[in-house]
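Colleague: Quick one: sequence and predicted model below, then my questions.
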Amino acid sequence: MKIDSEHLEILAVIVEKGGLTEGAEALGKSQPSVSRSMALLEKRIGMPLFQPGRRPLRPTELGLSLARFGARIRAANQEASLLVQRFRKGHAGRLRVGGSPIFMDGVVSTMIADFQMRHPEVQIDQSYGYVDTLEASLRNGALDMAILPLHPSQVPPGLSFTPVLPSRNVVAARAGHPLTRRKAIAQADLAPYTWIAPPANSPLYRDLERALKSIGQEDFNVSFSGGTLASIQSVMAGSDALTVLPYSVVFLSRRSVPMEALPLRIDHPERQLGLLMPENRPGPPAMRQLIAFLTEEFARLTARMEHDQQVTRRRG
């Protein structure tokens, strides 16, 4: 036997409110409409729902049991409606975000944590990759957004790119490194120290080669290579080795890993960190919330870094 769930919901409200008129008012329906629904339900089950001749209205034992089912159905429907509203507004859902490892671990992950404090019902699946793999994942629907550094000429056709942070690399060392006490650093000062290299297939490795070439260090001794940001930071914290990292990563990592940017000018890549997305495929509603949040957070980060640099310059 199939019973109309809406009839059970109506029954639950009638029982809760204590009468047909009261139930109809709570449901926003007319009293005759509610009466017809109960008559159809009684005809369907072949038994009365209310004790005859009793005022106020009193349900039969079966009517009371069915009303309990109706109350659960009504509660589930209300919960489902709220979920749909939260999803439509971008306060719930699932987002798939990929990006270059150093930036994702050093910058974006802290922002995602703050975003989820505000939107706890938005699940974010994070993955890693560089431009070729991220582009492929965006095109085949495996990703909703990629966060990576690109030059405008590198933006693949059919994808949109929103810059959020200018690229600026620095030579980084552990806090307290001998070179951090110098106001100016010459090429010869770098000679005694080894270098930590990022993965060889990463854009940051090419940035390392370019940066060292710009300061006359074409032949450099690599003591550690290919690790994650966490391993790079650990090796740097426990040694005098140097590395090249985005300034934003150094700036944000100082709260947990003591490191400093050396006062040394190096070439910067002509790229910007940005949000890469398909042009003609709208993402989940929560994507709008994440884009707005990240745009605001990167603007705030840019302002904080500029202020920090101004303070450093004033100190000489």
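Modeller: Now that the structure is in, tell me what you want to look at.
Colleague: Which of the helices or strands spans the residue nearest the centre of the chain?
Modeller: Most central in the chain under C-alpha atoms, centre = their mean is I112, positioned 4.3 Å from the mean C-alpha point. Assessed by DSSP states H and E, I112 sits inside helix 109-118.
Colleague: Could you identify the helix or strand that succeeds that helix?
Modeller: Next in sequence after helix 109-118, counting helices and strands by DSSP H and E, comes strand 121-128.
Colleague: Just list whatever residues bridge to R174.
Modeller: Here R174 sits in beta bridges with M259, going by DSSP bridges.
Colleague: State the distance from it to I102.
Modeller: Using C-beta to C-beta, to the nearest Å, R174 is found at 17 Å from I102. No exception for glycine: its C-beta is placed from N, CA and C like everyone else's.
Colleague: now G23
Modeller: Taking C-beta to C-beta, one finds G23 at 62 Å from I102.
Colleague: got a list of what L204 touches?
Modeller: By C-beta atoms under 8 Å, 6 or more residues apart in numbering, L204 lies in contact with S100, I102, N169, P198, V244, L245, P246.
Colleague: Just send those residues back as JSON lines, with neighbour count, secondary structure and pLDDT too.
Modeller: Below are these laid out as JSON lines (neighbours: other C-beta atoms under 10 Å; DSSP: H, G, I helix; E, B strand; the rest coil; pLDDT from 0 to 100):
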{"residue": "S100", "neighbour count": "25", "secondary structure": "coil", "pLDDT": "93"}
{"residue": "I102", "neighbour count": "22", "secondary structure": "helix", "pLDDT": "92"}
{"residue": "N169", "neighbour count": "23", "secondary structure": "strand", "pLDDT": "90"}
{"residue": "P198", "neighbour count": "24", "secondary structure": "coil", "pLDDT": "88"}
{"residue": "V244", "neighbour count": "21", "secondary structure": "strand", "pLDDT": "91"}
{"residue": "L245", "neighbour count": "26", "secondary structure": "strand", "pLDDT": "93"}
{"residue": "P246", "neighbour count": "25", "secondary structure": "strand", "pLDDT": "93"}
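Colleague: I'd assumed N169 was in contact with H268.
Modeller: Yes: the criterion here is C-beta atoms under 8 Å, and H268 meets it with N169 at 5.7 Å.
Colleague: Could you check the helix or strand where R68 lies and say which residues are buried?
Modeller: Element membership for R68 (DSSP H and E) is helix 61-88. Buried positions in helix 61-88, judged by neighbour count with 16 or more other C-beta atoms under 10 Å: G63, L66, A67, G70, A71, R74, R86, F87.
Colleague: Now flag whichever of those residues is closest to R210.
Modeller: If you rank those by distance to R210 using C-beta to C-beta, F87 comes first, at 45.1 Å.
Colleague: returning to what we had before: now the helix holding I112: how far from the chain's centre is it?
Modeller: Relative to its chain's centre, helix 109-118 lies at 7 Å (C-alpha atoms, centre = their mean, to the nearest Å).
Colleague: in the protein, what residue sits furthest out from the centroid?
Modeller: Max radial position in the chain (C-alpha atoms, centre = their mean) goes to G53, at 60.7 Å.
Colleague: Tell me how far it lies from E22.
Modeller: 19 Å.
Colleague: returning to that earlier point: can you redo the contacts of L204 as TSV, where the extra columns are distance to A188?
Modeller: Converted to TSV, these look like this (distance: C-beta to C-beta, whole Å):
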residue	distance to A188
S100	33
I102	29
N169	22
P198	25
V244	19
L245	23
P246	26
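Colleague: Run through the neighbouring helices and strands of the longest helix seen in the chain.
Modeller: In the chain, taking DSSP state H as the definition, the longest helix is helix 285-315. Where contact means 3 or more C-beta pairs under 8 Å, 6 or more residues apart in numbering; DSSP states H and E, helix 285-315 is packed against helix 61-88, strand 92-99, helix 109-118, strand 121-128, strand 145-150, strand 159-166, helix 247-253, strand 272-278.
Colleague: can you tell me the average pLDDT over that helix?
Modeller: Average pLDDT, helix 285-315: 86.
Colleague: Next up, the contacts around the closest residue to S160 other than its chain neighbours.
Modeller: Excluding its sequence neighbours, the residue lying closest to S160 (C-beta to C-beta, 6 or more residues apart in numbering) is E279, at 4.9 Å. By C-beta under 8 Å, 6+ apart, the residues touching E279 are G158, L159, S160.
Colleague: residues touching R58, list them.
Modeller: R58 makes contacts with F50, Q51, as judged by C-beta under 8 Å, 6+ apart.
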